[in-house]
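1. coordinates only, no sequence provided:
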């Protein structure tokens, strides 16, 4: 039997079902409540659907941040970057780039919107996003991003501080690198977004999106999806140490280094 009640130990509601129902996915339980006419309970469970995954999601972000920090401290920042390259350039980013490169810009936007909604963006960490469009691009705005943004600002839902101060003290780049958008003080975790752009430039000459990273953790982070590679400002290549190609006729020709 479903038993969705407040648990004083964790100060929020949680499913405390009997063993027969404890393993039923919450999505299925929502459907069951609708079928049984328990609409208010179904709405409650719909709001619980995202908080249910918060603990595991945040744990893996913090764990990844901590591991990258320890690699950088033991072996150096350059080796930490090479670790990111070694992992992102194989199945993960290669598969992403291969699939998204066949899509139209708006299709890339809506697929990434799905990813970012599940990534717990926004002040309530429920997946809130803002979108804008102009003649050249679509903008996906996170305020904050559910991973790097949350670790930088701290977690108002949990009441925990920024991961870049006590007691966490996770690392940031000690100087400006090509692979940190030419900036010092970039969290090691956030470098994977720069790595995404680097790999796309190396493989196809241009990035399918660019990250508008800001040093101010209180400001939103944005992804820009340009409608054509020609419309992407040159600065997005040069900040990563590349030259903007003069043409984009060959979809598999990488950009040159400066």
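-> Arrived safely. Source: prediction; values computed, not measured. Residues are numbered from 1 along each chain as shown.
2. run a quick neighbour tally on residue 18.
-> Residue neighbour count, defined by other Cβ atoms under 10 Å, stands at 9 for residue 18. In short, each C-beta sits where N, CA and C put it, glycine included.
3. could you do the one 4 residues further on as well?
-> Around residue 22 there are 12 other residues, counting by other Cβ under 10 Å.
4. quick check: the gap between it and residue 44.
-> Using Cβ to Cβ, to the nearest Å, residue 22 is found at 17 Å from residue 44.
5. cool, residue 181 as well?
-> Applying Cβ to Cβ to residue 181 and residue 44 gives a distance of 42 Å.
6. quick one: which of the two has more around it?
-> residue 181 (23 against 15).
7. quick check, central residue of the chain?
-> residue 147 (5.7 Å; Cα atoms, centre = their mean).
8. list the contacts for residue 142?
-> With contact set as Cβ atoms under 8 Å, 6 or more residues apart in numbering, residue 142 has these partners: 116, 121, 122, 129, 149, 220, 221, 222, 223.
9. those residues, buried ones only, as a PyMOL selection?
-> Buried members of the contacts of residue 142, defined by 16 or more other Cβ atoms under 10 Å, are picked up in PyMOL with:
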select buried, resi 116+121+122+129+149+220+221+222+223
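10. need the max-distance pair from the contacts of residue 142.
-> Within the contacts of residue 142, 122 and 223 form the most distant pair, 14.6 Å apart (Cβ to Cβ).
11. where exactly do the strands run in the stretch 51-200 of the chain?
-> 130-133, 137-142 (DSSP state E, counting those that start in this stretch).
12. direction included, what does the last one pair against?
-> Based on DSSP bridges, the pairing partners of strand 137-142 within the sheet are strand 130-133 (antiparallel), strand 221-226 (antiparallel).
13. what are the boundaries of the helices in the stretch 101-250 of the chain?
-> Remark: helices assigned in the stretch 101-250 of the chain by DSSP state H, counting those that start in this stretch are 105-118, 148-153, 191-204, 235-238.
14. determine which stretch of the ones you listed is the most buried.
-> Among the helices of the stretch 101-250 of the chain, helix 148-153 has the highest mean neighbour count (mean count of other Cβ atoms under 10 Å), at a mean of 24.
15. which other residues reach it?
-> Here helix 148-153 has contacts from 58, 61-62, 65, 120-121, 125, 142-144, 162-164, 170, 187, 189-190, 193, 217-218, 220-221, using Cβ under 8 Å, 6+ apart.
16. show the buried residues in those.
-> 58, 61-62, 65, 120-121, 125, 142-144, 162-164, 170, 187, 189-190, 193, 217, 220-221.
17. want to throw the helices of the stretch 101-250 of the chain into CSV with mean pLDDT?
-> CSV is the format used below for the helices of the stretch 101-250 of the chain (pLDDT from 0 to 100):
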stretch, mean pLDDT
helix 105-118, 96
helix 148-153, 96
helix 191-204, 97
helix 235-238, 98
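18. tell me how far residue 24 lies from residue 118.
-> With Cβ to Cβ as the criterion, residue 24 and residue 118 are 20 Å apart.
19. please apply the same query to residue 179.
-> 27 Å.
20. that'll do, ta.
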